[in-house]
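Trainee: Okay, predicted coordinates and the sequence, questions at the end:
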Amino acid sequence: MNLDKIVDQTFYWIDENARRSAMALSQRLSRRNFLSRLGMLITGAAAFPLLPVKRAFSQNAVKEVGDPQSCDYWRYCALSGFLCTCCGGSNTSCPPGSQPSPIAWVGTCHNPADGRDYLMSYNDCCGKTECNRCECHNTEGDRPLYFNSNSNTVYWCFGTEDTSYHCTVSMVLGTAD
Amino acid sequence: MRIPVLFAVFLLSPQTLGQIAPEVLTVETLPEPGPNWFLGKTWSGGAHIFDAHNGEMMGMVSLAKNAPTLIANPDKREIYAAESYMTRETRGARTDIVAIYDYDNLRTVAEIEVPNHIARLPVKRHLGLLDNGRHLAVLNMNPGHSVSIVDVEDRIFIDEISTPSCAVIMPVAENDFLQVCGDGTLQLIQLDLSGFQQNRERSTVFFNVIDDPVFDRVARSAGGWILPTHGGMIFEVSTDDDEILIGEGWSLIAEGEESWRPGGDEFISAHQELGLLYIAMHEGGVDTHHQYGDEIWLFDLETKQRLHRHILEVPVRSLMVTQESNPKLIISDEAGGTQVFDALSFRHERSIETPASVHFEDF
Amino acid sequence: MILLAVSLPSFAALQASNPRSNYLLYCSGCHLVDGTGNHPNVPTLHEELGRMLSVPAMRAYLVQIPGAAQAPIDDAALADVINWVLRQWNSDTLPEDFEELTLKEVSDARREILADPLAYRIRHWKAFEP
């Protein structure tokens, strides 16, 4: 008989049993109920859901025509990547759980709806796998990566906690005149 | 029916089984690389090693999803790659490394941690092995540019050199490299024996980044580097110690062909010894520099004459000519296929269907 | 610094008509619309620049850093943007005797390429704080 093996198996049985009783649902359930009751007390004060505040455009909203999920949309004249509008976001919001990159490159696009040129900020949303929908490769004003104020040959996920690229938005910063 | 079953049972009787030994699973060692072997770098799936002679895959260098490129060093029988990892793949703490892979087993033999802001898109010239074979230069963007120097012989990180608004790593001389800068110049960084910056020079202004920029895609020539511009100009550049030499620009575009421009991903390659330049061209206007090529134009670098104009069935994304006396032209096309041509006759020799390569490296 | 004959292209098409728009076009991508940047990789344009100008050699620096020097706007527009940034976000920290950058000053500085901005900044001012 292998005594070591018997001892090992005994200890394994003891540990296993100890683990099972320590983690028994009955033990955890009471603690969980307490926490959930505490949670309800805290959120009770704000009984209505908080809606995200939309940052108002300083002048009137930009007049736009076209499909924001199409690569031909006027905002995307220099966008290379996946459209956040196809990924659960919009041109001014990142999809749930992704991180907006504060750093971007700024180009100029012509808006056929009002005939004006606008400054567009191409910010990436980061921290998730590539969205892989609505891939566009528009390159108006795009320059090589050594000229990073105008370059698509760069992942623009800077200043986010996670730097994996998910999708790209196109925000209006102002008019170009 | 009964009889076939009995017959089958007879065949599989223990007596019969005992005569076939079970097969044993072994592991290949990578054979000695032959001429016209090449690496196909995929978007996010590592690099596949192919033999252009028969289209067979010989092995894979498995890399991080974010790895700009890899460089083989036949003298040391090692492959160097810059790789970026996160603890949970797309989130978590980020660690960037230079990994060293051995030829025989294509496994890491060393990892050297570098500052965690390497430029990660697949671009060949984000990485450069200096001609001394010791110093590896890695481009960073943070969002400003810098270059990390790694000593791949002693396997240590040396230093991060600040190089704002300059990118594209072009090794020259023993221990130096050139870069292209946004003010229309070239920058020369000269390293000392240990790999620290010893000297920095800038050239005269020779291009305009707004009107006709030099691409961030270049080709190595016998004496230096070949730089194309969006508008189809070619500049051949080299150094003489701390002096940067820029040849007079010449145009790829003849009269009447003004609608043609170079474009794609890694769309330019040169056979150094034969002095031949291969470049993918398309018809398009300003800002079409990423458009895949419908034709490949072949130029003699000495006479600057066009020798051949090859029309493609499927547009080309990237290409590479191997540096052999019997060279192959390897092409990655829009359909995701890899095409192998005889580089001198342009005879199509074979197609390799999978996987799709973003660009190629010598092996 | 390297003295070079720099031929600047014509900027008419890419230049906005006022410093704030030029700032948005060529600076805000990294330094952000509000100028606070992204520490430690992108410097803030608030207050620090004013303090920096207590060192005369740093006036040229503000013109010669690649982000400023390479913006596709002419010398007058560049002078306007830099002075605008100083007025907007550095009025409390500028030296008492501060005088705005002149067109000639900006033109002269822009003709010289500053190849190693970090080394210059460390030599004349100080390294970036981590």
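Mentor: Cool, the structure landed. Numbering: from 1, shown residues only, chains lettered A, B, ... in the order given.
Trainee: Specify the local secondary structure of the closest residue in space to B:Lys65 that isn't next to it in sequence.
Mentor: Closest residue in space to B:Lys65, ignoring its immediate chain neighbours: B:Ser44 at 4.1 Å, by Cβ to Cβ, 6 or more residues apart in numbering or on different chains. All C-beta atoms are positioned from the backbone trio N, CA, C, and that covers glycine. Under DSSP: H, G, I helix; E, B strand; the rest coil, B:Ser44 falls in the coil class.
Trainee: Check the spacing between A:Ala113 and A:Ser90 real quick.
Mentor: 18 Å (Cβ to Cβ, to the nearest Å).
Trainee: neighbour count winner among those two?
Mentor: Relative neighbour count places A:Ser90 above the other of A:Ala113 and A:Ser90, with 14 against 11, counting by other Cβ atoms under 10 Å in any protein chain shown.
Trainee: Who are the contact partners of the nearest residue to the more buried one once chain neighbours are set aside?
Mentor: Nearest non-adjacent residue to A:Ser90, counting by Cβ to Cβ, 6+ apart: A:Cys84, 6.8 Å away. Shown in contact with A:Cys84 (Cβ atoms under 8 Å, 6 or more residues apart in numbering or on different chains): A:Ser90, A:Asn91, A:Ser93, A:Cys94, A:Pro95, A:Cys125, A:Cys131, A:His166, A:Cys167, A:Thr168, A:Val169.
Trainee: which residues touch stretch B:101-113?
Mentor: Contacts of stretch B:101-113 (Cβ under 8 Å, 6+ apart): B:29-30, B:33, B:49, B:59-62, B:70, B:77-81, B:95-100, B:150, B:152, B:155-157.
Trainee: Now a ChimeraX select for only the buried ones of those residues.
Mentor: In ChimeraX, a selection of the buried entries from these looks like this (16 or more other Cβ atoms under 10 Å in any protein chain shown):
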select /B:33,49,59,60,61,70,78,79,80,81,96,97,98,99,100,150,152,157
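Trainee: Next step: the contacts of stretch B:101-113 restricted to strands.
Mentor: B:49, B:59-61, B:70, B:78-81, B:95-100, B:150, B:156-157 (DSSP state E).
Trainee: what separates the closest residue to B:Met58 other than its chain neighbours from B:Asp362, distance-wise?
Mentor: Nearest non-adjacent residue to B:Met58, counting by Cβ to Cβ, 6+ apart: B:Ile49, 4.5 Å away. Distance from B:Ile49 to B:Asp362, counting by Cβ to Cβ: 11 Å.
Trainee: got it, and B:Thr204?
Mentor: Taking Cβ to Cβ, one finds B:Thr204 at 32 Å from B:Asp362.
Trainee: Can you check what pLDDT the model gives the residue in chain C that chain A sits nearest to?
Mentor: When scored by Cβ to the nearest Cβ, chain C has C:Asn38 as its residue closest to chain A, at 4.1 Å. The model reports C:Asn38 with a pLDDT of 95.
Trainee: distance of the nearest residue to it once chain neighbours are set aside from C:Val42?
Mentor: Take C:Asn38 and drop its neighbours on the chain: the residue closest to it by Cβ to Cβ, 6+ apart is A:Gly159, 4.1 Å away. Noted for A:Gly159: a distance of 7 Å to C:Val42, by Cβ to Cβ.
Trainee: Model confidence for the nearest residue to B:Leu188 once chain neighbours are set aside, exactly?
Mentor: Computed as Cβ to Cβ, 6+ apart, the closest residue to B:Leu188 that is not its neighbour in sequence is B:Glu201, at 4.3 Å. As predicted, B:Glu201 sits at a pLDDT of 98.
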